[in-house]
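Colleague: This is a predicted model, with the sequence first.
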Amino acid sequence: IIGRLATPNNIPFVFSIHSFLSKDAFEANRPSLYLERFTYNKRQSIISVSETVFKDYAAHINVKGRHFILNNFVKTAFFEKHFDFKMHDLSSIKLVSVGNLLEVKNYKFLLQVIKEIKDKMSVSLDIIGEGYLRNDLENFIDTHQLPVKLLGSRSDVDNLLPNYDGFIMCSLHEGFGNAPAEAMAIGLPLILNDLDVMKEMSRGNALFYKSNDTGSLSKILLELSNNKNSLFNLSEQGKTIAKKYYSQDSYFFKI
């Protein structure tokens, strides 16, 4: 807002959108919507991390100027890991999720699903990330004796991901999805909720469940051991998609 008000009309103004402003700003603080409408004009250019994020913005702001889609990129280290997807022991599946321990990541939902299936299959889940919900999540894990570990914040995610059989995410909303893009670059099959942004980011290359539907996700997880070929294909295609769309070279070319 300050930047817009301070920039003369003859100076180009570019701003970027990284999240759902309707959720992160406009709904939580209604005056921010009116400020956005008041200070935006057609001389300004928009860069959005995804088409879904731009559509959300355009649904609230009458966009008249230029706009561009520039997806985030995945660090080179994730592409350099040699990882061939194999589920050696189909009776035991190791899942991983990456993201801060915040409400928007919807981890309580994921833990509820693990609680429902833990006696029906051999499954474990590691969550990489830190946040104010740690104590609450730890209490739920301990109370229900779940095969879940909170690994905290880690700087070596690229080294950790090859130790798993699949990546899972349950966020209520995301601007792009950096963590699943990194998992694709490694070659992990994705298990995602059916948000538009997740379908866009993955290019449809994932096992999708109905958002906030424990039965839908439970069904997918219980059938994982019977879908080795599908998971292998998701792994190989994921590496190709990540390399094509989310490498640093692709990012700089788009800039």
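Modeller: Nice, I can see it. Numbering: from 1, shown residues only.

Colleague: what bits of the chain have low per-residue confidence?
Modeller: Residues of the chain that meet the criterion pLDDT under 70 lie in 87-91.

Colleague: Of all residues in it, which one is nearest the centre?
Modeller: G177 (2.9 Å; Cα atoms, centre = their mean).

Colleague: Could you double-check that it sits in contact with F167?
Modeller: No: using Cβ atoms under 8 Å as the test, G177 is too far from F167 to be in contact (10.5 Å). Heads up, the C-betas are built off the backbone N, CA and C, glycines and all.

Colleague: just to revisit the earlier point, name all residues that make contact with the residue nearest to the centre of the chain.
Modeller: M169, V197, M198, M201, S202 (Cβ atoms under 8 Å, 6 or more residues apart in numbering).

Colleague: which ones among those are found in strands?
Modeller: Members of those lying in strands (criterion: DSSP state E): M169.

Colleague: Now go through the contacts of G177 and say which are in helices.
Modeller: V197, M198, M201, S202 (DSSP state H).

Colleague: Mind checking what secondary structure the nearest residue to the second one once chain neighbours are set aside has?
Modeller: Counting by Cβ to Cβ, 6 or more residues apart in numbering, the nearest residue to M198 once its immediate chain neighbours are dropped is L192, at 4.3 Å. Classification of L192 using DSSP: H, G, I helix; E, B strand; the rest coil returns strand.

Colleague: Which stretches in the stretch 101-250 of the chain count as helices?
Modeller: Applying DSSP state H, counting those that start in this stretch to the stretch 101-250 of the chain gives helices spanning 107-117, 134-143, 157-160, 178-186, 196-202, 214-222, 228-245, 248-254.

Colleague: Pick the most buried one from those.
Modeller: Comparing these by mean neighbour count (mean count of other Cβ atoms under 10 Å), helix 178-186 ranks first with a mean of 26.

Colleague: For that one, name the packing helices and strands.
Modeller: Secondary-structure packing of helix 178-186 (3 or more Cβ pairs under 8 Å, 6 or more residues apart in numbering; DSSP states H and E): helix 76-79, strand 92-98, helix 157-160, strand 166-169, strand 190-193, helix 196-202, helix 228-245.

Colleague: List the contacts of the last one.
Modeller: Meaning helix 228-245. Around helix 228-245, the neighbours that count as contacts under Cβ under 8 Å, 6+ apart are 71, 74, 78-79, 85, 87, 90, 165-166, 181, 183-190, 202-203, 205-207, 224, 250.

Colleague: picking up where we left off before, tell me the bridge partners for the residue nearest to M198.
Modeller: Beta-bridge pairing for L192 (DSSP bridges): M169, F208.

Colleague: Kind regards, and thank you for your time.
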